[in-house]
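J.: Next one to model:
(2 chains)
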2 protein chains.
Amino acid sequence: MNVVITGGLGFIGLALARRLAARDDVETLTLFDAAPPETGLSPPAAAEVVAGDVSDPACVRTLLDREDLVVFHLASIVSAGGERDFDLAVRVNLDGGRNVFEACRATGRVPRLVFASTLAVFGGSGMPETVSDTTRPTPQTTYGATKAACELLINDYTRKGFLDGRTARLPTVVIRPGAPNAAASGFASAVFREPLAGRSYDLPVPLDTRVPIIGVRTAVDCIIRLAELEEGLGDDRVLNLPSLSVTVEEMVASLRRVAEERHLDIGPVGVREDPGVVRIVRTWPRYATAEGALALGLPRDLELDQIVADYLADEF
Amino acid sequence: MNVVITGGLGFIGLALARRLAARDDVETLTLFDAAPPETGLSPPAAAEVVAGDVSDPACVRTLLDREDLVVFHLASIVSAGGERDFDLAVRVNLDGGRNVFEACRATGRVPRLVFASTLAVFGGSGMPETVSDTTRPTPQTTYGATKAACELLINDYTRKGFLDGRTARLPTVVIRPGAPNAAASGFASAVFREPLAGRSYDLPVPLDTRVPIIGVRTAVDCIIRLAELEEGLGDDRVLNLPSLSVTVEEMVASLRRVAEERHLDIGPVGVREDPGVVRIVRTWPRYATAEGALALGLPRDLELDQIVADYLADEF
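T.: Coordinates of the predicted model:
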């Protein structure tokens, strides 16, 4: 198969690319991105890197004009970035998404498309304590709103036979290496990464903040399994990915536990609240179930300490 | 106030225009539409009619560049029409909606916008027997998908302070005069209108087909009340409108009852199923609640016979 990953030079894109580059059935692997990878991250040697803007229809059309195509559509303006620039978020996330869907349709070969959506489609005053696959999306960020709109379009493009869509709603993916991105959820990575690198870190949210998270290994596993699924998908292609619901306090405790076991010196962790980040994070769900994903056999994380251990194994 | 109704020459647009034309507080009333009204229907004398395409951004921008603006965004490709022409439905419903939202934003004055969405945002294999305000939209038509996407965008434009949106999810509105439009729900009007005009009518769906309906008087009342609401709206601006859930058999019985009371001769009613219409209608919800709308004091229909009586009073 010929694989194209939009947003392929981002954290998840590169983790996915490394896994796919090792597979015999991947003939070509193309990483499409508007920006170069962060310092310290690099694409696998087997991958072709194409620079371009997902909001440019002609560029995306050319990119996806391939036989035996599988698309992973990850390119996105993220939460805090979208709050800073509404028009950019709409252009990249909604228009960009539509360009990808139209380019898939234009191939005439109903390509598989895995779309990275987000649990941030949920939010607001009417949101239940635990969200599920059947909870109504009421996003409180432009990021969430544009992702939810793309979910609807992918289901409709799939229904029409224009593409074969599978939407994965990602929990906060941890532990990101490198510098923080514009996601308001960045603290859930930084709280591990910065102390493990010996730096001090001030959390922008209180210790009792609770978020559903997924380890990057598991997230990549889920995304690949979704692309591989031959059956079990109905008319609704949207799935919450399995998550662990953890508080920031539990993150700090896990960090200390793993560091102590390995005799690692870690930097100090404090709290200095950032009202902008707190405002966004407060709108997100605290617990999320994933009945559909689990029924389809997608993997899940079992404990936070393992995610921290995986990070140490992958990055150090 | 200066009122603009997109789709202002359609059935609901004209009914709304007639009601608004009678109000002292409406300074100008502009009916924007791509098509002339159906034969037999005409706009109120006080209204200005502007011909144009809602998918043309410049045209919509000029249309809405007014002080003290209230917009009723009704323009839409409807269900069966959208199934015939996907691209047209996306262009008019989604791009057209975005043009309206952007033109509201461009005024810089946070205009009120009432958006006519639809209970056809619901559907599919996972839909519950009764849908509510909190049911997740899983549309099975491009019409429903594009309406649901606009609902998300209106909530986000409202959150950003770009406009003051209120979304009314309309049940099937009855009883449409004139010729049928491209809505798959047309039978719910035709089953009254055609026999009352002395013509025979063959239903395209079986007698046990159950649909949530609303009388056009009540629908217009709800839409105007939504525009008038000064408080009670939270971060979620989407409301199911109150509906009566009736079977086609109950429609025929009501027709016969009202006709008999008034000694009206009516044309014969038969059934000749249209698989395309049946397929679409089967995906729609059979029962719908409207907790939010009722809590805000929006009116509801109490019985089907009254809707039939209203039609006779309005049209004959």
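J.: ok, the residue lying closest to residue A:308 once chain neighbours are set aside - contacts?
T.: Computed as Cβ to Cβ, 6 or more residues apart in numbering or on different chains, the closest residue to residue A:308 that is not its neighbour in sequence is residue A:258, at 4.4 Å. All C-beta spots, glycine's among them, are computed from the backbone N, C-alpha and C. For residue A:258, the contact set (Cβ atoms under 8 Å, 6 or more residues apart in numbering or on different chains) comprises A:264, A:305, A:308, A:309, A:312.
J.: How about the secondary structure of residue A:258?
T.: What DSSP: H, G, I helix; E, B strand; the rest coil gives for residue A:258 is helix.
J.: sorry, back to before: and of the contacts of residue A:258, the nearest to residue A:192?
T.: residue A:308 (5.9 Å; Cβ to Cβ).
J.: secondary structure element for that closest one?
T.: Using DSSP states H and E, residue A:308 falls within helix A:304-315.
J.: Name the residues of that helix that come out as buried.
T.: The neighbour-count check on helix A:304-315 (16 or more other Cβ atoms under 10 Å in any protein chain shown) flags A:304, A:306, A:307, A:308, A:309, A:310, A:311 as buried.
J.: contact partners of it?
T.: With contacts defined as Cβ under 8 Å, 6+ apart, helix A:304-315 is touched by A:174-175, A:177, A:192-193, A:196, A:213, A:215-217, A:244, A:246, A:250-251, A:254-255, A:257-258, A:262, A:301.
J.: again, only this time at 10 Å
T.: With contacts defined as Cβ atoms under 10 Å, 6 or more residues apart in numbering or on different chains, helix A:304-315 is touched by A:15, A:18, A:40, A:174-178, A:189, A:192-193, A:196-197, A:213-218, A:244, A:246, A:250-251, A:253-255, A:257-259, A:261-262, A:264, A:301, A:303.
J.: picking that back up, closest one of the buried residues of helix A:304-315 to residue B:146?
T.: Distances from residue B:146 to these, taken by Cβ to Cβ, are shortest for residue A:307, at 39.2 Å.
J.: could you check the distance from that closest one over to residue A:116?
T.: Per Cβ to Cβ, to the nearest Å, residue A:307 is found 19 Å from residue A:116.
J.: Equivalent analysis for residue A:286, please.
T.: From residue A:286 to residue A:116 the distance is 21 Å (Cβ to Cβ).
J.: what about those two, which has more around it?
T.: Taking other Cβ atoms under 10 Å in any protein chain shown, residue A:286 and residue A:116 do not tie; residue A:116 has more neighbours (26 against 16).
J.: And chain A, split by domain according to the record?
T.: A:2-170+A:215-240, A:173-212+A:244-287+A:301-315 (automatic domain parsing).
J.: need those in JSON lines with mean pLDDT, can you?
T.: Below are those laid out as JSON lines (pLDDT from 0 to 100):
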{"stretch": "domain A:2-170+A:215-240", "mean pLDDT": "96"}
{"stretch": "domain A:173-212+A:244-287+A:301-315", "mean pLDDT": "94"}
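J.: which of those domains sits most buried?
T.: Per residue and on average, the most neighbours among the domains of chain A fall to domain A:2-170+A:215-240, with a mean of 21 (mean count of other Cβ atoms under 10 Å in any protein chain shown).
J.: May I have the distance across that one, first residue to last?
T.: Start-to-end span of domain A:2-170+A:215-240 (Cα to Cα, to the nearest Å) is 26 Å.
J.: still on that earlier bit, how about the domains of chain A, which one is nearest residue B:222?
T.: domain A:2-170+A:215-240 (20.3 Å).
J.: got a list of what residue A:56 touches?
T.: When contacts are counted by Cβ under 10 Å, 6+ apart, residue A:56 touches A:34, A:62, A:63, A:95, A:96, A:99.
J.: Show me which residues of the stretch 201-316 of chain A sit near chain B.
T.: Proximity of the stretch 201-316 of chain A to chain B (Cβ under 10 Å from any Cβ of the partner chain) is limited to residues A:234, A:235, A:236, A:238, A:283, A:292.
J.: Return the subset of those lying in helices.
T.: Among these, the members found in helices (DSSP state H) are residue A:292.
J.: Tell me the one of the residues of the stretch 201-316 of chain A next to chain B nearest residue B:49?
T.: residue A:235 (40.7 Å).
J.: nearest spatial neighbour of the closest one, skipping sequence neighbours?
T.: Per Cβ to Cβ, 6+ apart, closest to residue A:235 is residue B:124, 4.8 Å.
J.: biggest helix in chain A by residues?
T.: Looking across chain A with DSSP H, the single longest helix is helix A:142-159.
J.: Show the subsequent helix or strand relative to that one.
T.: Following helix A:142-159 toward the C-terminus (DSSP H and E): strand A:164-170.
J.: Contact partners for the residue nearest to residue A:126 when sequence neighbours are not counted?
T.: Leaving aside its chain neighbours, residue A:126 sits nearest to residue B:236 (5.6 Å; criterion: Cβ to Cβ, 6+ apart). With contact taken as Cβ under 10 Å, 6+ apart, residue B:236 is in contact with A:123-127, A:136, A:138, A:140, B:133-134, B:151, B:155, B:158-159, B:167, B:292.
J.: Pick the one among the residues you listed closest to residue B:22.
T.: Proximity of these to residue B:22 (Cβ to Cβ) peaks at residue B:167, which lies at 25.2 Å.
J.: Residue B:157 is in contact with that closest one, correct?
T.: No: contact criterion Cβ atoms under 10 Å: residue B:167 and residue B:157 do not qualify, at 11.1 Å.
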